[in-house]
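> quick one, fold the following:
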Amino acid sequence: MSKSPIKVFRSGRVAASVWKNEGKYGPFLAVTINRRYGEDGDTKYTSNLNADSLPHAKKVLELAERFIDVFREQNSLDTELDAKDGALDPASEVKPSKAKKQASADTKPVEVEAEDLDSYV
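You can find the predicted model right below:
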């Protein structure tokens, strides 16, 4: 993975980070999700989600998917077929859809609260 995510979406204590990576077949995007826990300077992170985290996870993953669709359209990241075995490149697992509005393709990490996405994308 790259050194820092290109976008981070947060809802409650859950965050989804979008990463741009280089693979055998070119650049691809990946998403990691984590939940923050702990109190007063003892903050820790885990990829385990509890039942209360699921609505937040759903929200940030949907936002990450919308961002990836727009990012792919703006940066011509298309699905690629591996000529050797006919397997899809990991970058192509989600086929882009048409987005009504476009987000910035800036590769600096940007944190966006879930409630603010409609004004961002």
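> burial check on Q74, number of neighbours?
Around Q74 there are 13 other residues, counting by other CB atoms under 10 Å. To be clear about C-beta, it is placed using only N, CA and C from the backbone, and glycine gets the same treatment.
> shouldn't it be within a helix?
Yes - counting by DSSP: H, G, I helix; E, B strand; the rest coil, Q74 falls inside a helix.
> relative to N34, how far out is it?
Between Q74 and N34 the distance, using CB to CB, to the nearest Å, works out to 26 Å.
> what segments of the chain are strands?
Using DSSP state E, the strands of the chain run over residues 7-11, 14-23, 26-37, 44-46, 111-113.
> rounded mean pLDDT for the last one, please.
This means strand 111-113. The predicted model assigns strand 111-113 a mean pLDDT of 58.
> one more: the third one?
In this model, strand 26-37 has an average pLDDT of 94.
> that strand packs against which elements?
Here strand 26-37 is seen to pack against strand 14-23, strand 44-46, helix 54-75 when contacts are counted using 3 or more CB pairs under 8 Å, 6 or more residues apart in numbering; DSSP states H and E.
> and what of the second one?
Other helices and strands packing on strand 14-23, by 3+ CB pairs under 8 Å, 6+ apart, are strand 7-11, strand 26-37, helix 54-75.
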